[in-house]
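sharing a sequence plus its predicted fold:
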Amino acid sequence: MKTFDLKLTGGTVHLPSGPARTDIGVRDGRIAAIGAAGDAGQTIDCTGLDILPGVIDTQVHFREPGLEHKEDLESGSRSAVLGGVTGVFEMPNTKPNTDSAEAIEDKLARAKNRMWCDHAFYVGATAANAPALKDLERLPGTAGVKIFMGASTGDLLVAEDGELARVLASGSRRVAIHAEDEARMNERAGLRRDGDPSSHPEWRDDESALLATRRILKLAREARRRIHVLHITTPAELELLSQHKDIATCEVTPQHLTLAAEEAYPSIGTFAQMNPPIRSADHRAGLWHWMGQGVPDVIGSDHAPHTREEKAKPYPASPSGMPGVQTLLPLMLDHVHAGRLTLQRLIDLTSAGPQRVFGLVGKGRIVAGYDADFTIVDLKRRWTVGEDWLASRAGWSPFADRELTGMPVGTIIRGERVMWEGELADVAAGRPIRFEASAFV
Ligand SMILES: NC(=O)N[C@@H](CC(=O)O)C(=O)O
């Protein structure tokens, strides 16, 4: 019998202590040894490549059930592994909404043998299911509860303080929040200019986001509940969140770190429309400032696919959201190449950060005993994002034709080579992600 099932040799391995030129031995889907000698059933030569802990994207919308013309669990997760992502948390604004035990069980059944990466599903909060959330959030394969404070794609919405308090009082896990203030946005609806998506950030302005974040922080403190504020778009929110680290974590997205209103709306119009909106270059600079201060905990893609035909409708009939799970890591590697953040910080935001924030079992670090999840990258490769490379059913990306430096070459999940140089394995074998007991207290 061989010592290992799989051995990765010759690569630069990004351990919690820092990068090291060493071999990794994998047995039974787990990391069995770092640096030890031994023979293996299969060896992958990683010379010249960097081996990162598997990238975990904690915000994707894969649209199944009900909206499969935009995406499904198979196409969305194929897109994920092609982009080097080994695990995803999938959002509840499907049709029907994922807001019950039946809906979670249905998604888990659909995921079996069809999802390429490991996965967990959020349960959507509503005024009606608030009492049940304390049980729903404990179902195996559940990522926890998601609250939409402002209306976006779908009809999940919990906007009133009383309702929000009831949701926060039901359960103990960290709750993911879409923080935009519904009442303020309703008052400002007249600011939307027909046919002009550049009015999107004027309507859903800074204050709409800041007000919602301020409200949820207060309610979370009263309920003694931990929260995770998704897709932050304003420096003011990051400054505020920096003072509430004991109960609040937060996410930034590659698109808010990369795009700016001044260029995006004139060039791609409604295809740049998302919630919360792409804002000005000054906002983008502010997000990078707070990135440098270590405030964001995770980077999530908010992969939110809609078809070209849907996106081409005139604003504001056009839906909000853009695909992104496949370009998350490539864009961020390009930012590393440009010197905007270190590779070590990126690893923290995409692997160790999600592990810490959500309490994943055996994922997020290259440590003996952990799942053998690796994202293998060529930091020097210069390439152009081609539409034929994109696997999302949406079929487009705001980043198509962009020249980037740094590319995911391989995706290994629990010791299986799921993607190598753009080629997929024969079978999709993603499994539900498990969570530590500490995630529930
Ligand atoms: N981000 C978006 O603009 N859209 C998301 C919903 C959401 O997260 O707001 C979608 O599901 O389309």
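Nice, I can see it.

any idea how many residues pack against residue 8?
26 (other C-beta atoms under 10 Å). In short, each C-beta sits where N, CA and C put it, glycine included.

who's it bridged to?
Beta-bridge partners of residue 8, counted by DSSP bridges, are residue 24, residue 44.

so that it lines up with my notes, have the first residue be 34 from now on.
Will do, 34 is the new start, and the previous item becomes residue 41.

hang on, it packs against residue 73?
No - in this structure, residue 41 is not within contact of residue 73 by C-beta atoms under 8 Å, at 9.2 Å.

would you map the strands across the stretch 134-283 of the chain?
151-157, 175-181, 208-211, 260-262, 281-285 (DSSP state E, counting those that start in this stretch).

then the stretch 334-474 of the chain?
Going by DSSP E, counting those that start in this stretch, the stretch 334-474 of the chain shows strands at 407-417, 436-446, 449-453, 456-457.

pLDDT at residue 128, what is it?
In this model, residue 128 is scored at 98, pLDDT.

how about the longest helix along the chain as CSV, C-alpha atoms only?
Using DSSP state H, we find that the single longest helix of the chain is helix 239-256. Listed next in CSV are the C-alpha coordinates belonging to helix 239-256 (Å, rounded to 0.1, in the frame of the first residue of the first chain):
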residue,chain,number,x,y,z
ASP,A,239,-24.4,56.0,0.7
GLU,A,240,-26.8,56.9,3.4
SER,A,241,-29.2,54.1,2.4
ALA,A,242,-26.4,51.6,3.1
LEU,A,243,-24.9,53.4,6.2
LEU,A,244,-28.4,53.8,7.8
ALA,A,245,-29.2,50.1,7.4
THR,A,246,-25.7,49.0,8.8
ARG,A,247,-26.1,51.4,11.7
ARG,A,248,-29.6,50.0,12.5
ILE,A,249,-28.6,46.3,12.3
LEU,A,250,-25.6,46.9,14.5
LYS,A,251,-27.8,48.4,17.2
LEU,A,252,-30.4,45.6,16.9
ALA,A,253,-27.7,43.0,16.9
ARG,A,254,-26.2,44.4,20.1
GLU,A,255,-29.6,44.4,21.8
ALA,A,256,-30.2,40.8,20.7
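
mind listing what the residue of the stretch 234-383 of the chain found nearest the ligand touches?
Closest residue of the stretch 234-383 of the chain to the ligand, C-beta to the nearest ligand atom: residue 354 (3.0 Å). Neighbouring residues of residue 354 by C-beta atoms under 8 Å, 6 or more residues apart in numbering: 94, 185-186, 306-308, 335, 337-339.

from those residues, which are also near the ligand?
Filtering these for proximity to the ligand by C-beta under 6 Å from any ligand atom leaves 94, 185-186, 307-308, 335, 337.

now pLDDT too, for those residues, in JSON lines please.
Shown next, in JSON lines, are those (pLDDT from 0 to 100):
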{"residue": "94", "pLDDT": "99"}
{"residue": "185", "pLDDT": "96"}
{"residue": "186", "pLDDT": "97"}
{"residue": "307", "pLDDT": "98"}
{"residue": "308", "pLDDT": "98"}
{"residue": "335", "pLDDT": "98"}
{"residue": "337", "pLDDT": "98"}
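
can you list the residues of the protein near the ligand?
Going by C-beta under 6 Å from any ligand atom, the residues of the chain near the ligand are 94, 126, 185-186, 211, 307-308, 335, 337, 353-354.

quick check: buried residues in stretch 291-302?
By neighbour count on 16 or more other C-beta atoms under 10 Å, the buried set for stretch 291-302 is 291-294, 297-298, 301-302.

distance from the chain centre to that stretch, please.
The chain centre lies 22 Å from the centre of stretch 291-302; the measure is C-alpha atoms, centre = their mean, to the nearest Å.

okay, now the domains of this structure?
37-84+401-413+433-471, 87-391 (automatic domain parsing).

out of those, deepest packed?
Neighbour counts (mean count of other C-beta atoms under 10 Å) averaged over each of the domains of the chain peak at domain 87-391, with a mean of 21.

endpoints of that domain, how far apart?
End-to-end distance of domain 87-391: 15 Å, with C-alpha to C-alpha, to the nearest Å as the criterion.

ok, now stretch 46-66?
Span of stretch 46-66 from end to end, C-alpha to C-alpha: 12 Å.

now swap in stretch 161-169 and tell me
Using C-alpha to C-alpha, one end of stretch 161-169 lies 13 Å from the other.

hmm, who's touching it?
Under the criterion C-beta under 8 Å, 6+ apart, residues 132-134, 137, 156, 158, 175, 178, 196, 199-200, 203-205 lie in contact with stretch 161-169.

go again with 6 Å.
For stretch 161-169, the surrounding residues in contact (C-beta atoms under 6 Å, 6 or more residues apart in numbering) are 132, 156, 178, 199-200, 203-204.
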